[in-house]
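1. sequence isn't available, so here's the structure alone:
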C-alpha cells in the first residue's frame, strides 16, 4: 500500500491552502482516511478474501473520502445535504484521476464502486455480491473511525468544530424522539431528523444496526464507544430502553 498512500498524500496536499482553519478540516479527513485503512486491515483477515479482493478493500478504505476534499474546497462543509454526495464525487474523481497504481480492471471497478456506495443509507440491490461485501467492509471501517472523531468533538472539554458536528445546535436536554424510535425499531437514524448534537450521538449509536461483521461490533463494544455515547445523552426516562437495545445488538 506504500505507493497508494504516497499518491493519496500528494492528492490531499493539492487541496491545502495555508488557511489554518480550512487545512485543519482537510488534515482531519486525511488522518481519518488512513485510520479507516487500518480498520479495514483489521476486518479483512476474518473474511477469507482472495488477494485481489483484499487489496481492493484496503484501497477503497484509503480512498473512500476522496470526494471530501473537492467538496470542502467548493462548499466549506462536509454535510452532503447542503453540498454534494461525497461518495459519488469521490468515484467520479477516481475515474478522472485514475485509481493509483492499479492495472487490474476488476480492482479498479471494485474500488470506485465501494467509494460510490460507502455513504449510502442502504446498499442498492444492483450491487454485485463482491462489490456489496467490499462496500460493507469500508462502511464498517468508516463508522468505527467516525465515532472516534465525533467523541473527540462531542465529549466535555473536547475539540469543537461546527464543520465536524455538521452545524448542529448544542442543547444538553433536547433530542429527536424520531431517531430513538428508529433505533428501537432496528433501523439506522435519519440525518434529516438531526437538530442537535444529542441527535448526532443518537445517530452514531444507531450505527450498531449497520455494523456488518462480528469484528466491527466487538471493536465498537470493547473500545467503550457505546458506554461513552450513552453517557453523553441526557438522563431522560424516554432513553432508558435504549441502552439495552444497543448492547443486545452489539452482543450478537
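-> Sure, I can see it. This one's a predicted model, so the numbers in the text were calculated from it and none came from an experiment.

2. give the contact list for residue 70.
-> If a contact means Cβ atoms under 8 Å, 6 or more residues apart in numbering, then residue 70 has 15, 89, 93 as its contacts. Where C-beta positions appear, they are placed from N, C-alpha and C, glycine not excepted.

3. checking the first one next. Helix, strand or coil?
-> At residue 15, secondary structure determined by DSSP: H, G, I helix; E, B strand; the rest coil is coil.

4. can you read off the backbone torsions of it?
-> phi -100, psi -10 (degrees, to the nearest 10).

5. state the pLDDT value of it.
-> The per-residue pLDDT reported for residue 15 equals 97.

6. for the closest residue to it other than its chain neighbours, what are its contacts?
-> When the adjacent residues along the chain are set aside, residue 15 lies closest to residue 69, with 4.4 Å between them (Cβ to Cβ, 6 or more residues apart in numbering). By Cβ under 8 Å, 6+ apart, residue 69 lies in contact with 11-12, 15, 26, 29.

7. mind redoing it with 10 Å?
-> Contact analysis of residue 69 by Cβ atoms under 10 Å, 6 or more residues apart in numbering lists 11-12, 14-16, 25-26, 29-30, 33, 86, 89-90, 93.

8. do the same with residue 196
-> The neighbourhood of residue 196, defined by Cβ under 10 Å, 6+ apart, consists of 165, 168-176, 202.

9. separation between residue 150 and residue 168?
-> From residue 150 over to residue 168 the distance is 11 Å, taken as Cβ to Cβ, to the nearest Å.

10. shared neighbours, the two?
-> Here residue 150 and residue 168 share the contacting residues 197, 200, scored by Cβ under 10 Å, 6+ apart.

11. name the element the residue nearest to residue 15 belongs to?
-> Secondary structure here is read from DSSP states H and E; on that basis residue 69 sits in helix 68-75.

12. coming back round to it: for ChimeraX, what selects the buried ones among the contacts of residue 70?
-> Restricted to buried positions by 16 or more other Cβ atoms under 10 Å, the ChimeraX selection for the contacts of residue 70 reads:
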select :15,89,93
